[in-house]
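Chemist: mind folding the following:
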Amino acid sequence: MQHFVIFITIVCLFACNERPKKLTEISGKQLPITDSIVDTDTVDKFITPYRKHINEVLDSALAYAPSAITKDDGKFNTSAGNLMADIVMSEANPIFKSRTGQNIDFVILNFGGIRSIISKGKVSERTAYEVMPFDNSIVVVALKGKSVRDLISFLINAKRPNPIAGIQIILNKNGKLQDLNIQGKPFDENKKYYIATSDYLAKGGDDMGFFSDGLNSVDLNYMIRNAMIDYFKKIDTLRAEVDDRFIIIE
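Modeler: Residues are numbered from 1 along each chain as shown. Presented below is the predicted three-dimensional model:
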């Protein structure tokens, strides 16, 4: 009888012990956010003041555009592309010079990076977010002359107006390179050039593999969008047009 009681006690003790839990399955499902989701009054009341303040900041007028600025108004260069590249040159060069003692020679951006036109009228911070929604920072890459030639060949063969500034490309009637000037001077194959671009392109994005041959690069930790906002704050009226920075002689 004593042995039976001990046996039952041991069985009960083991039965009462919790076994360790183990994860056996993970599952999930998408919960789409649609207009069918009802607002929560308490949450909406909490965020309303912040939403109002953000909208006031984003929509405050910084400058004025007398006409629409678009990336579709030119074959080799466009008003929007020229403005974007000129802004990067204007706002980034003082920063780069203060850190390195060198000047940016020219700028190249990508056509697809411009995501909206600048409509005629008020220009605001929201405008900058619409044109450049990506958090791309400005990077300056040093390239040898040979790599610059590869860059020019890319621009000629791209068949779309990638934004450039500080450089002039002139093609003959057959579409071949006739003249190449950088900062108003003829291209020198033996010179090292400093090119401002986005961090995305500096890493070879949009097939710009020539940047992988860079001698060195400097990330300014300065977003293109912020450069646009800083520029808008300085300029009363935006002036942008298609010009002769990339042309073909017919």
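Chemist: list the contacts for residue 151?
Modeler: Contacts for residue 151 (CB atoms under 8 Å, 6 or more residues apart in numbering) come out as 108, 143, 195, 208, 210. For glycine as for every other residue, the C-beta is placed from the backbone atoms N, C-alpha and C.
Chemist: rerun at 6 Å
Modeler: residue 210 (CB atoms under 6 Å, 6 or more residues apart in numbering).
Chemist: what is the mean pLDDT for the one helix or strand it maps to?
Modeler: Element membership of residue 151 [criterion: DSSP states H and E] is helix 145-158. The pLDDT scores in helix 145-158 average 96.
Chemist: whichever helix or strand comes after that helix pairs with which strands, parallel or anti?
Modeler: Using DSSP H and E, the helix or strand that follows helix 145-158 in sequence is strand 164-165. According to DSSP bridges, strand 164-165 has the following sheet partners: strand 106-108 (antiparallel).
Chemist: chain center to the strand it pairs with, what's the gap?
Modeler: Counting by CA atoms, centre = their mean, to the nearest Å, strand 106-108 is centred 14 Å from the centre of its parent chain.
Chemist: just stretch 124-131 next, same as before
Modeler: 13 Å.
Chemist: ok, now which ones touch residue 190?
Modeler: Neighbouring residues of residue 190 by CB under 6 Å, 6+ apart: residue 145.
Chemist: on the three-state scheme, it is what?
Modeler: Taking DSSP: H, G, I helix; E, B strand; the rest coil as the rule, one finds residue 190 in the coil state.
Chemist: report the separation between it and residue 67.
Modeler: Distance of residue 190 to residue 67, given as CB to CB, to the nearest Å: 43 Å.
Chemist: which helices and strands does the longest helix seen in the chain pack with?
Modeler: Counting residues, the longest helix found in the chain (DSSP state H) is helix 79-100. If you count contacts as 3 or more CB pairs under 6 Å, 6 or more residues apart in numbering; DSSP states H and E, helix 79-100 packs onto strand 106-108, strand 164-165, helix 224-234.
Chemist: make JSON lines from those and add distance to residue 240 and mean pLDDT to it.
Modeler: Shown next, in JSON lines, are those (distance: least, CB to CB, whole Å; pLDDT from 0 to 100):
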{"stretch": "strand 106-108", "distance to residue 240": "14", "mean pLDDT": "98"}
{"stretch": "strand 164-165", "distance to residue 240": "12", "mean pLDDT": "98"}
{"stretch": "helix 224-234", "distance to residue 240": "11", "mean pLDDT": "97"}
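Chemist: need those in JSON lines (columns: distance to residue 186 and mean neighbour count).
Modeler: Below are these laid out as JSON lines (distance: least, CB to CB, whole Å; neighbours: other CB atoms under 10 Å):
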{"stretch": "strand 106-108", "distance to residue 186": "14", "mean neighbour count": "24"}
{"stretch": "strand 164-165", "distance to residue 186": "17", "mean neighbour count": "24"}
{"stretch": "helix 224-234", "distance to residue 186": "29", "mean neighbour count": "19"}
